[in-house]
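Peer 1: 3D model of this:
(4 chains)
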2 protein chains.
Amino acid sequence: MPNNDIPGGRPVTIYEIAKKAGVSPAAVSSVLANREIERRISPVTAQKVRVTARELGYVPNMAGRRLRSRQGGARQYDLAIFTTFEAPLPLVSQALHTMQRAVDVQTNKDTAYSIAIEMYHAGSLRLKPALLHSDRYHGVIITNTQPADDEFLAQAQVPYPVIMLGRRIPGYSCVLEAPGIVGRHAAEALIGGGCRKPVVLHGRSISQTVRDRVDAFVRGVKGRTGLDCVAIVSGGLDSHQGAAAVEMAFTNGLKFDGIFAVTDSLAAGAYEALRRCEQRIPRDVAVVGVGDQEIAEFLYPALTTVAGANESMAAEAVPLLFRMLRGEIDGPREVVVVPPVYVRGSSMRTAAAPR
Amino acid sequence: MPNNDIPGGRPVTIYEIAKKAGVSPAAVSSVLANREIERRISPVTAQKVRVTARELGYVPNMAGRRLRSRQGGARQYDLAIFTTFEAPLPLVSQALHTMQRAVDVQTNKDTAYSIAIEMYHAGSLRLKPALLHSDRYHGVIITNTQPADDEFLAQAQVPYPVIMLGRRIPGYSCVLEAPGIVGRHAAEALIGGGCRKPVVLHGRSISQTVRDRVDAFVRGVKGRTGLDCVAIVSGGLDSHQGAAAVEMAFTNGLKFDGIFAVTDSLAAGAYEALRRCEQRIPRDVAVVGVGDQEIAEFLYPALTTVAGANESMAAEAVPLLFRMLRGEIDGPREVVVVPPVYVRGSSMRTAAAPR
DNA sequence: GTGAAAGCGCTAACAG
DNA sequence: CTGTTAGCGCTTTCAC
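Peer 2: Residues are numbered from 1 along each chain as shown, chains lettered A, B, ... in the order given. All right, here's what the predicted structure looks like:
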């Protein structure tokens, strides 16, 4: 039975294996690297070493191995993306792909990179030990933080380059969505598409980013039509919950000719509800979403989206991180991203140019 | 200007900084760890060290740092998922989430884990140095390999636990889709849903997995209806290319009442084409896809999918990897996964039970 | 066939 | 305020 409890309190090393098996550390090393043949170690010894290693629950220390074996090698940059379980999957992949592509370009015979993903539960960033120790990463990108995480970061000051996505925190570089831009664009797309009475659809619990989107939308509608704009509040961000909320609003007699859904899932829910209520998109009701996900083009009619800044934020964050790593930038920097609007079928109630 | 060329051929160490700045290595270490105050190093010295470090293009060696500073710490497992740029984003995220959740459960005060993502270009796995060196990872999961990668792995023999997803390669553990199962399930869903003349839609270049799906589908149709089944071949896997292929087949007079699309993107393309051809789903033409992605529920009518084994494969692969890491399994193991079928609106032409 | 010894790059403890 | 020293866990000569 492997010893997974570490009775001595510390991880097992090859010295302990060597002692228990009655051989030298060098022999253990050779066997565990499968070099027993070229090192001419007897099969009996090899077997004894392997058995002992398993008995002791040996786990090789990669830091030790690398330090020793990769001599004269390339310099290594170890990078990470910290993200939450709760973040939309495509966002994580987006950041990852962008980062990996940048790394591919930079990699050469004397510079290597590795990218890790560290996932945390929203609000519990403090529990990730790898973040504060400066012995793991040369630089990181952090996404999807909650207020609790922001506070933690503000007082902790991570001792290596960090790029915050979508949050401004004192002392850190960040890439931000231009304030109010998503809501304003959404209002323009709906009003420009011919809506006169749009509503906004969001979930019950509302993040800082979503709050900004909603407020800017309401202001945008007010500015263009002079009308106040109602919110339909869904229990959660799931598309079915969104659908239920919209359907209930409709059957309760709420009149509207446009919906701004603050996430794409909610937009998909709106489609579902409107179909059940026999409202046609965009003739009866136009819909605009936020394009953080990939579903916009698969809906019918295709969903008009404000791009959400995720994609563009990742595209800005990665080069910024590299400049910090190379020491070209010293203090924190802020980059503001203006997300593009993709006008598709769902918002064009009239032939009017949807600006 | 930072020295990024490593003239000496090797990465810069703190000793070189110390020499150039005329201080001791310990002082350099302290300054670079931002401990200058508690170590009472003069601001002048600190500044000199920092400037020198930047001039020399110093990049800290994390292996060295960790080896020294995390003494008596937990044992570390370094895991990785090797995947391609070409793999669908949700698949990567799926594997990542599954792995991270498993890791969360296993993590405790004396065992820590890290998960890295290593991306390669399909067919070029051989170019990833981290794979063969046994000084980086304790175990890895590899997805989306091409034949060239498979050959490479077969002759290379990675010296630590590896789980292959969707491929059987001598000497490696793997998690496989049950052969023929996806195609057979698709045929059952379409025929059971009332189709009599289904076709299969796939891309021009066809992987081993897709080949298996297509062949099994053709056999399944033949077995149930006695009819041979035509293939519509799309230029690529993009939904628009799929749509173009289906539309052309339709306008050329091909008659069919069901489509098995080998990926969900192609299924979305089929929806697009059928809409343009004024064919209703499922009344005129039923559609079945492979649910590797998340769009199935967002299409209208919701797309019936054979789950593709990706999700279930990840769920099997991670525990298998952990058992290998703990030494509970010695030789290679094979796990066969039978993917579930999600019957939704798109395949039910009749009220017949869609088995 | 096997062991002893050196040292990878770094930091912590201690000595000035 | 700063330098010297020891050693983290491992692999690789080289000597036996």
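
Peer 1: residue ranges with poor pLDDT in the stretch 201-350 of chain A?
Peer 2: Filtered on pLDDT under 70, the stretch 201-350 of chain A yields the residue ranges A:292-293, A:308-309.

Peer 1: Work out for me the element the residue nearest to the spatial centre of chain A sits within.
Peer 2: Among the residues of chain A, the one closest to the centroid is residue A:92, at 3.7 Å (C-alpha atoms, centre = their mean). Taking DSSP states H and E as the definition, residue A:92 sits inside helix A:89-106.

Peer 1: and what of residue A:77?
Peer 2: Applying DSSP H and E, one finds residue A:77 within strand A:75-84.

Peer 1: Using PDB, write down the CA coordinates of that strand.
Peer 2: Listed next in PDB are the C-alpha coordinates belonging to strand A:75-84 (Å, rounded to 0.1, in the frame of the first residue of the first chain):
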ATOM      1  CA  ARG A  75      15.400  30.300 -20.200                       C
ATOM      2  CA  GLN A  76      11.900  29.400 -19.200                       C
ATOM      3  CA  TYR A  77       8.900  31.600 -18.700                       C
ATOM      4  CA  ASP A  78       6.200  30.100 -16.700                       C
ATOM      5  CA  LEU A  79       2.900  31.800 -17.300                       C
ATOM      6  CA  ALA A  80      -0.600  31.200 -16.000                       C
ATOM      7  CA  ILE A  81      -4.200  32.200 -16.500                       C
ATOM      8  CA  PHE A  82      -6.200  32.400 -13.300                       C
ATOM      9  CA  THR A  83      -9.800  31.900 -14.000                       C
ATOM     10  CA  THR A  84     -12.900  30.700 -12.300                       C
END
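
Peer 1: Report all helices and strands that that strand contacts.
Peer 2: helix A:89-106, strand A:111-120, strand A:139-142, helix B:62-69 (3 or more C-beta pairs under 8 Å, 6 or more residues apart in numbering or on different chains; DSSP states H and E). (C-beta placed from N, C-alpha, C; glycine too.)

Peer 1: after the third one comes which helix or strand?
Peer 2: Right, the one you point to is strand A:139-142. That would be, after strand A:139-142 and using DSSP H and E, helix A:147-156.

Peer 1: May I see the buried residues of that following helix?
Peer 2: Within helix A:147-156, the residues that qualify as buried are A:149, A:150, A:152, A:153, counting by 16 or more other C-beta atoms under 10 Å in any protein chain shown.

Peer 1: so how far is it from its chain's centroid?
Peer 2: Mean C-alpha position of helix A:147-156 versus that of the full chain (C-alpha atoms, centre = their mean, to the nearest Å) differs by 18 Å.

Peer 1: Does it reach chain B?
Peer 2: No: applying C-beta under 8 Å from any C-beta of the partner chain, one finds helix A:147-156 separated from chain B by no less than 12.5 Å.

Peer 1: what residues does that helix touch?
Peer 2: Helix A:147-156 is touched from outside by A:120, A:122-126, A:131-132, A:142, A:145, A:162, A:164, A:167, A:169-172, A:208, with contacts defined as C-beta atoms under 8 Å, 6 or more residues apart in numbering or on different chains.

Peer 1: Kindly report the same for stretch A:166-174.
Peer 2: Outside stretch A:166-174, the residues that touch it by C-beta under 8 Å, 6+ apart are A:143-145, A:150, A:153-154, A:157-158, A:161-165, A:175-177, A:208-209, A:309, A:313, A:320, A:324, A:329, A:332-335.

Peer 1: If any of the contacts of helix A:147-156 are buried, put those into a PyMOL selection.
Peer 2: One line in PyMOL is enough to select the buried members of the contacts of helix A:147-156, burial here meaning 16+ other C-beta under 10 Å:
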select buried, chain A and resi 120+122+123+125+126+131+142+145+162+164+167+169+172
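
Peer 1: Tell me which of the contacts of helix A:147-156 fall in strands.
Peer 2: Among the contacts of helix A:147-156, the subset assigned to strands under DSSP state E consists of A:120, A:142, A:162, A:164.

Peer 1: neighbours of whichever residue of the stretch 201-350 of chain A sits closest to DNA strand C, just the number please.
Peer 2: Closest approach of the stretch 201-350 of chain A to DNA strand C (C-beta to the nearest atom of the strand) occurs at residue A:325, with a separation of 14.5 Å. Other residues near residue A:325 number 18, with proximity taken as other C-beta atoms under 10 Å in any protein chain shown.

Peer 1: now the one 5 residues further on
Peer 2: Neighbouring residues of residue A:330 were enumerated by other C-beta under 10 Å; the total is 9.

Peer 1: picking up where we left off before, from the ones in strands among the contacts of helix A:147-156, pick the one nearest DNA strand D.
Peer 2: With C-beta to the nearest atom of the strand as the yardstick, the closest approach to DNA strand D among these comes from residue A:162, at 26.0 Å.

Peer 1: and the stretch 1-150 of chain A, which residues reach DNA strand C?
Peer 2: Residues of the stretch 1-150 of chain A found near DNA strand C, taking C-beta under 7 Å from any atom of the strand as the criterion, are A:22-27, A:39-42, A:44-45, A:67-68, A:71-72, A:134-135.

Peer 1: do you know how far residue A:74 is from chain B?
Peer 2: Using C-beta to the nearest C-beta, to the nearest Å, residue A:74 is found at 7 Å from chain B.

Peer 1: Might one say that that residue is in contact with residue A:112?
Peer 2: Yes: the criterion here is C-beta atoms under 8 Å, and residue A:74 meets it with residue A:112 at 4.6 Å.

Peer 1: on that earlier part again, my guess is the residue nearest to the centre of chain A contacts residue A:117. True?
Peer 2: Yes: look at residue A:92 against residue A:117 with C-beta under 8 Å: they come within range, at 7.2 Å.

Peer 1: Give me the common contacts of those two.
Peer 2: Taking C-beta under 8 Å, 6+ apart as the contact criterion, the residues that touch both residue A:92 and residue A:117 are A:81, A:83, B:96.

Peer 1: got a winner among those residues for most neighbours?
Peer 2: Top of these by neighbour count (other C-beta under 10 Å): residue A:83, with 26 neighbours.

Peer 1: show me what contacts that one?
Peer 2: So residue A:83 contacts A:91, A:92, A:95, A:117, A:118, A:119, A:120, A:142, A:143, A:144 (C-beta under 8 Å, 6+ apart).

Peer 1: Now with 6 Å, please.
Peer 2: Counting by C-beta atoms under 6 Å, 6 or more residues apart in numbering or on different chains, residue A:83 makes contact with A:92, A:119, A:143, A:144.

Peer 1: per-residue pLDDT, residue A:2?
Peer 2: Residue A:2 is assigned a predicted lDDT (pLDDT) of 44.

Peer 1: quick one: is stretch A:265-274 near chain B?
Peer 2: Yes: judged by C-beta under 6 Å from any C-beta of the partner chain, stretch A:265-274 comes into contact with chain B through residue A:268.

Peer 1: Correct me if wrong: the residue of the stretch 201-350 of chain A closest to DNA strand C contacts residue A:139.
Peer 2: Yes: counting by C-beta atoms under 6 Å, residue A:325 touches residue A:139, with 5.1 Å between them.

Peer 1: All good on my end, thank you.
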